[in-house]
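Trainee: requesting a structural model of the entry that follows:
(one chain, ligands or ions: 3)
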Amino acid sequence: MNIGFSELVDLESKNVLVIVANDTGSNFVKTKLKSILKLDEVALENILEGCFDLSYAKIRNFNVILNGKIREILIVGAGKKDLSSRASIEKLGGYIFSNIKSENANLCISNCLELTGLELTAAYLASGILLKNWTFDKHKTSKTSPKVLSVECETNCVNSNKNIFGHMEAIQEGVFLTRELVSEPANIMDPDRLLEEAKNLKALGVKVDFLSKRDMEKIGMNAFLGVAKGSDNPAYLVTMEYKSDKTKDAIALVGKGLTFDSGGLCLKPSKGMADMKGDMAGAAVVIGVLKSLALQKANVNVVGVIGIVENMISGKAQKPGDIVVAMSGKTIEVDNTDAEGRLVLADALWYTKEKYNPKIVIDFATLTGAIQVALGHEFAGIFSNSDKLFQELEKAGNCVGEKLWRLPLHPSYEEDIKSEVADIRNVGSGRGAGSITAALFLKHFIDPNVEWAHIDIAATEWDTKARALSQKGATGFGVRLLDEFVAQHCLSC
Ligand code: BES
Ligand code: ZN
Ligand code: ZN
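Mentor: Numbers count the residues shown, from 1 in each chain. Ligands and ions are numbered 1, 2, ... in the order given. Prediction:
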């Protein structure tokens with residue numbers, strides 16, 4: 001899709017004209033329509049049939065004939081000016097995309113929001129349209145033709161919009177990569193392929209290294225390796241270093257990369273098991289963020305650590321009741337082989353601290369089905385030992401429309417993961433709070449001096465319904481959030 005910004009758009013080649021205005025912008029809409037359609041007041045009132053609603057996301061379409069050709073016109077309400085933000089305007093871009101009725105649309109978008117001080121509205125609208133346009137049809141032999149071919153944004157602030165849009169495109173590249181990695185089935189996106197995807201970042205200046213099973217054995221990553229035992233495929237711990245300003249402390253991002261989670265011997269029911277191809281979404285988010293930062297040549301230091309493995313069954317698979325010694329030296333009773341993500345992360349988090357000694361660690365994981373029970377698909381669950389880190393992440397999330405809700409990392413739940421035979425057990429007793437006990441389990445592998453946040457994306461990485469900025473399926477949740485967090489955090493340090 002071609003995206004352009006210009007002060008005056010040549011309407012001749014456009015078949016869809018979009019006018020975006022907030023609730024005080026009805027004059028702007030009328031003036032625009034009059035100049036486009038060359039109508040007098042009476043003819044215009046006839047078309048508009050009185051008043052029109054410019055409250056948020058109210059969209060009205062109609063067709064007109066202009067120079068002998070049918071054009072579709074969308075009048076799009078942006079609601080109260082004070083409530084407009086990047087997140088609300090990007091979403092509006094998504095709604096515009098969904099509401100276009102024409103095929104092979106070449107869009108012209110005018111907006112009056114920049115007159116009210118929201119100078120970057122054009123770029124945000126274009127970003128929303130692009131995010132919503134993404135689909136996963138690479139395995140279909142006959143493709144549907146694209147709905148929108150081009151978007152030309154009319155703006156008086158061409159340079160600032162072009163500039164910010166350049167960054168947004170880099171972020172989108174990261175989002176699209178994450179969505180693609182999550183969407184690919186497990187026979188394609190297996191451990192070797194996911195490692196290759198991480199290695200692709202080398203071309204952008206990211207240093208990529210990995211530990212094989214053998215290397216992990218040598219340093220005692222037995223919690224991780226226990227999960228790998230049932231699979232014939234390899235397992236990898238991959239590190240990705242993007243360092244452009246070595247004077248700054250690195251932020252560490254850790255991701256769960258289960259390319260498939262069958263549950264192991266505690267086998268999952270077949271209904272829904274196919275969704276477990278997406279159990280590497282945490283790792284995919286980390287790869288996506290590093291891609292977007294590297295593309296932007298962001299002046300930051302970020303290291304990514306992902307644990308890549310499959311949770312399978314075989315004669316060699318780990319068994320319920322097994323006891324493993326984690327890299328940290330803690331012993332774990334593996335009561336349920338399906339609570340494997342925390343076992344992989346236990347060693348990945350410990351390794352991250354040992355190798356990089358970061359001040360900030362953020363992990364992303366499709367860790368628990370319980371997070372969907374608690375929060376549905378709207379908010380991801382966040383757990384943190386630092387109020388400040390939580391607040392910064394929450395703010396970044398609100399800024400891009402990826403919402404986070406903090407749940408308690410409270411010691412009163414510790415009792416639930418006590419083991420009679422080892423230091424801790426990998427599941428609670430089944431009396432609820434499954435996402436909390438999972439987070440508390442991870443906390444055992446975190447240095448208390450490190451600011452740490454765990455984000456459970458099990459219900460936000462994938463949606464069975466279309467969302468404002470994504471179609472059914474992979475959302476890429478987390479990439480835009482982390483990109484914004486890194487940008488804001490590094491500005492202030
Ligand atoms: N990968 C799953 C969590 C998950 C569930 C992700 C649904 C995406 C959608 C995780 O490894 C798991 O199986 N968790 C168990 C934990 C239980 C055994 C304590 C769960 O949530 O049922
Ligand atoms: Zn599992
Ligand atoms: Zn899992």
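
Trainee: and the helices in the stretch 301-450 of the chain?
Mentor: Taking DSSP state H, counting those that start in this stretch, the helices of the stretch 301-450 of the chain run over residues 341-356, 370-375, 387-400, 434-443.

Trainee: same question but for the stretch 101-250 of the chain, I mixed them up
Mentor: Assigned by DSSP H, counting those that start in this stretch, the helices in the stretch 101-250 of the chain fall at 121-133, 158-183, 191-199, 213-218, 222-228.

Trainee: for the residue in the chain that ligand 3 sits nearest to, what are its contacts?
Mentor: Residue of the chain nearest ligand 3, by C-beta to the ion: D261 (3.7 Å). Quick note: C-beta positions are derived from backbone N, CA and C, even for glycine. Residues in contact with D261 (C-beta atoms under 8 Å, 6 or more residues apart in numbering) are K268, M276, D279, E310, N311, D338, E340, G341.

Trainee: is it true that the third one touches L367?
Mentor: No: in terms of C-beta atoms under 8 Å, D279 does not count as a neighbour of L367; the distance is 9.4 Å.

Trainee: who has more neighbours, these two?
Mentor: Using other C-beta atoms under 10 Å, the more surrounded residue of D279 and L367 is L367, with 29 against 26.

Trainee: before we move on, back to that, now the helices of the stretch 301-450 of the chain in a markdown table, with mean neighbour count and distance to A170?
Mentor: Below are these laid out as a markdown table (neighbours: other C-beta atoms under 10 Å; distance: least, C-beta to C-beta, whole Å):
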| stretch | mean neighbour count | distance to A170 |
| --- | --- | --- |
| helix 341-356 | 24 | 24 |
| helix 370-375 | 19 | 29 |
| helix 387-400 | 18 | 14 |
| helix 434-443 | 24 | 31 |
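
Trainee: give me the buried stretch members for the lowest-mean-pLDDT helix or strand in the chain, please.
Mentor: None of the helices or strands of the chain scores lower by mean pLDDT, DSSP states H and E than helix 41-48, at a mean of 83. Going by neighbour count (16 or more other C-beta atoms under 10 Å), the buried part of helix 41-48 is L48.

Trainee: likewise for stretch 182-191?
Mentor: V182, S183, E184, A186, M189, D190, P191.

Trainee: got it, and stretch 68-80?
Mentor: Those would be R71, E72, I73, L74, I75, V76, G77, A78, G79, for stretch 68-80 by 16+ other C-beta under 10 Å.

Trainee: averaged pLDDT, that stretch. What do you get?
Mentor: Per-region confidence: stretch 68-80 scores 95 on mean pLDDT.

Trainee: the closest residue to D40 other than its chain neighbours: neighbouring residues, count only.
Mentor: Setting aside the residues directly before and after it, D40 is nearest to K34 in space (C-beta to C-beta, 6 or more residues apart in numbering), at 7.8 Å. When neighbours are defined as other C-beta under 10 Å, K34 has 14 of them.

Trainee: before we move on, what SS does K34 have?
Mentor: Assigned state for K34: helix (three-state reduction, DSSP: H, G, I helix; E, B strand; the rest coil).

Trainee: surely it touches V42?
Mentor: No: here K34 does not reach V42: they are 11.2 Å apart, not a contact under C-beta under 8 Å.

Trainee: what is in contact with these two at once?
Mentor: In contact with both K34 and V42: no residue, using C-beta under 8 Å, 6+ apart.

Trainee: picking that back up, which stretch among the helices of the stretch 101-250 of the chain comes nearest ligand 2?
Mentor: Short answer: helix 222-228, nearest of those by C-beta to the ion, at 9.2 Å.

Trainee: mind giving me the packing neighbours of the closest one?
Mentor: Where contact means 3 or more C-beta pairs under 8 Å, 6 or more residues apart in numbering; DSSP states H and E, helix 222-228 is packed against helix 213-218, strand 301-311, strand 322-325, helix 341-356.

Trainee: and the angle from the last one to strand 301-311?
Mentor: Interaxial angle of helix 341-356 relative to strand 301-311 (axes from the mean of the first three to the mean of the last three C-alpha atoms, to 10 degrees): 150 degrees.

Trainee: now do helix 341-356, average pLDDT.
Mentor: Here the average pLDDT along helix 341-356 is 99.

Trainee: distance of the residue lying closest to H167 once chain neighbours are set aside relative to A396?
Mentor: Distances taken as C-beta to C-beta, 6+ apart put Q296 closest to H167, at 5.6 Å, once the chain neighbours are dropped. With distances taken as C-beta to C-beta, to the nearest Å, Q296 is found 15 Å from A396.

Trainee: got it, and N187?
Mentor: 35 Å.

Trainee: now K353, nearest residue through space, not along the chain?
Mentor: For K353, ignoring the flanking residues on the chain, the nearest one in space by C-beta to C-beta, 6+ apart is D447 at 5.4 Å.

Trainee: my bad, K443
Mentor: Nearest to K443 is L409, by C-beta to C-beta, 6+ apart, at 6.3 Å.

Trainee: get me the contact residues on the chain for ligand 2.
Mentor: Selection of the chain residues close to ligand 2 by C-beta under 5 Å from the ion yields D261, D338, E340.

Trainee: which of the residues you listed lies closest to T437?
Mentor: D338 (13.9 Å; C-beta to C-beta).

Trainee: tell me the contacts of the nearest residue to the closest one once chain neighbours are set aside?
Mentor: Using C-beta to C-beta, 6+ apart and skipping the chain neighbours, the partner closest in space to D338 is G263 (4.0 Å). Contact partners of G263, counting by C-beta under 8 Å, 6+ apart, are M273, N311, T337, D338.

Trainee: strands along the stretch 201-350 of the chain, start to end?
Mentor: Counting by DSSP state E, counting those that start in this stretch, the segments of the stretch 201-350 of the chain that form strands are 207-211, 236-243, 251-261, 301-311, 322-325, 331-334.

Trainee: distance to E103 and mean pLDDT for the ones you listed - can I get that in JSON lines?
Mentor: Shown next, in JSON lines, are the strands of the stretch 201-350 of the chain (distance: least, C-beta to C-beta, whole Å; pLDDT from 0 to 100):
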{"stretch": "strand 207-211", "distance to E103": "42", "mean pLDDT": "98"}
{"stretch": "strand 236-243", "distance to E103": "41", "mean pLDDT": "98"}
{"stretch": "strand 251-261", "distance to E103": "37", "mean pLDDT": "99"}
{"stretch": "strand 301-311", "distance to E103": "41", "mean pLDDT": "98"}
{"stretch": "strand 322-325", "distance to E103": "57", "mean pLDDT": "99"}
{"stretch": "strand 331-334", "distance to E103": "54", "mean pLDDT": "98"}
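
Trainee: appreciated, that's everything.
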